[in-house]
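Participant: Okay, here's the prediction I keep looking at, along with the sequence it came from:
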Amino acid sequence: MLVFVGVATADAIALVDRYPDADERIVAQDVLFAGGGPAATAAVAAARLGIDAALVSAVGDDDEGHRIVEGLAAEGVDVSGIRRIPGGRSARSVVVIDGPHRTRAIVNRPGPDIELDTDPAARALIEASDWVHVDQLGWGPVRRFVNRLAQFPRLSVDAGNPIPGYTQAGTALYAPTLPALMARYGSHVGPNDTEALLRRALADGAQIAVATGGGDGSWGIAGNGTLRHATPPPADIASTLGAGDVFHGALLAGLVRAARGEFEGLGEALAYATTVASLSCRGIDGRSRIPDHAEALRCLAASTAPATQGEDLAR
């Protein structure tokens, strides 16, 4: 089982032709409400792709909290590790998407903190998992908990957002955005710098290092292996909201399938995740157009780009 620990939100999303100016009212192309949050959306992606997934999080006992939990359960995500805080307010976000420029502005009200010490159900899920994936909210409590275990599951980290006090030690999969990778390990100065930055992450303690670069695809290295690069397939892009979160859930699903012998290592898992994330961008929200496993395989089979076949990146 994959266990995801971190943020779960209720989102209000508006798609517009341009951002409004101060004190201006504009007409939206669409307004919708959907579930969000890095860890929660990654869990939905894994579940949609046929992998057992559970979410550990905390919500209020308000209407938004009930909708968050019900939406995740409807996707097949195990919600037994979601704690409902009496009197608490669930995380909510207002997202404005500039459709023509594929950018977004997000205003977030944080939800309750995750407290594993008082949540035996969540701790049991983590102890029984194959992988634990954390975002910026989940890393601290999970790291403190697993440090007390004699054996602990492989730890995957969504490092796209700043994580106070973060260290690489004990990280099986380090997965930042390319800008976050550059901010931590240095900036680009040459054509092979993505590889150099990822190898710095490996030298710092990560076992696998992967970076996402939006429309340019993703890059990854495992141990002393070769740099892999996957490019996204053509897709009708409505919004990139949640695409990185979908990528993380799909990458873990791909690594699980690779361990079962269905994929050939990191290269094919990376191509799979990049394809799934790209297809999810067909929806305005981050979840509604995530493909299932069969659709993802059909798209991979139709692609002729060498990178999507997991080939080595020529250097």
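Facilitator: Thanks, I have it.

Participant: doesn't residue 72 fall inside a helix?
Facilitator: Yes - Residue 72 forms part of a helix when assessed by DSSP: H, G, I helix; E, B strand; the rest coil.

Participant: which secondary structure element contains the residue nearest to it when sequence neighbours are not counted?
Facilitator: Closest residue to residue 72 apart from its sequence neighbours, by C-beta to C-beta, 6 or more residues apart in numbering: residue 79 at 5.3 Å. Where C-beta positions appear, they are placed from N, C-alpha and C, glycine not excepted. Assigned by DSSP states H and E, residue 79 belongs to strand 78-85.

Participant: Just list what that strand packs against, helices and strands only.
Facilitator: Applying 3 or more C-beta pairs under 8 Å, 6 or more residues apart in numbering; DSSP states H and E, we find strand 78-85 packed against strand 53-60, helix 63-74, helix 120-128.

Participant: Per-residue confidence, residue 232, what does it come out as?
Facilitator: pLDDT recorded at residue 232 is 94.

Participant: neighbours of the residue nearest to residue 72, just the number please.
Facilitator: A total of 21 residues lie near residue 79 under the criterion other C-beta atoms under 10 Å.

Participant: right, and it touches residue 66 too?
Facilitator: No - at 11.1 Å, residue 79 does not count as touching residue 66 under the criterion of C-beta atoms under 8 Å.

Participant: For the residue sitting nearest the centre point of the chain, which non-adjacent residue is spatially closest?
Facilitator: By C-alpha atoms, centre = their mean, the chain has its centre lying nearest to residue 245, at 2.4 Å. Leaving out its chain neighbours, the residue that sits closest to residue 245 by C-beta to C-beta, 6+ apart is residue 41, at 3.9 Å.

Participant: Which secondary structure element is home to the one you found?
Facilitator: In this structure, residue 41 sits in helix 38-48 according to DSSP H and E.

Participant: Give me the buried positions along that helix.
Facilitator: 38-48 (16 or more other C-beta atoms under 10 Å).

Participant: Where does the prediction get shaky in the stretch 201-315 of the chain?
Facilitator: 304-315 (pLDDT under 70).

Participant: how many degrees apart are the helix holding residue 41 and strand 53-60 in direction?
Facilitator: Taking axes from the mean of the first three to the mean of the last three C-alpha atoms, to 10 degrees, one finds helix 38-48 and strand 53-60 inclined to each other by 140 degrees.

Participant: tell me the angle helix 38-48 makes with strand 78-85.
Facilitator: Going by the same axes, to 10 degrees, helix 38-48 makes 160 degrees with strand 78-85.

Participant: Compare the helices and strands packed on strand 78-85 and report which one is nearest to residue 220.
Facilitator: Nearest of the helices and strands packed on strand 78-85 to residue 220, taken as C-beta to C-beta: strand 53-60 at 21.1 Å.

Participant: which other helices and strands contact the closest one?
Facilitator: Using 3+ C-beta pairs under 8 Å, 6+ apart, strand 53-60 sits against strand 2-5, helix 38-48, helix 63-74, strand 78-85, helix 120-128.

Participant: Do me a favour and get the end-to-end distance for stretch 205-223?
Facilitator: 10 Å (C-alpha to C-alpha, to the nearest Å).

Participant: before we move on, what about stretch 183-197?
Facilitator: Taking C-alpha to C-alpha as the measure, stretch 183-197 stretches 10 Å from start to finish.

Participant: any idea which element residue 11 lies in?
Facilitator: Element membership of residue 11 [criterion: DSSP H and E] is strand 9-16.

Participant: partners of that strand, with directions?
Facilitator: Take DSSP bridges as the rule and strand 9-16 pairs in its sheet with strand 30-36 (antiparallel), strand 91-98 (parallel).

Participant: Show me the contact partners of the last one.
Facilitator: Which is strand 91-98. Outside of strand 91-98, the residues within contact range by C-beta atoms under 8 Å, 6 or more residues apart in numbering are 7-19, 36-37, 59, 64, 103-111, 239, 241, 284.

Participant: wait, doesn't residue 146 sit right on residue 138?
Facilitator: No - applying C-beta under 8 Å as the test, residue 146 and residue 138 come out as separate, 11.4 Å apart.

Participant: I'd like to know how far the closest residue in space to residue 48 that isn't next to it in sequence sits from residue 97.
Facilitator: In this structure, residue 48 finds its nearest non-sequential neighbour in residue 290, 4.8 Å apart by C-beta to C-beta, 6+ apart. Per C-beta to C-beta, to the nearest Å, residue 290 is found 17 Å from residue 97.
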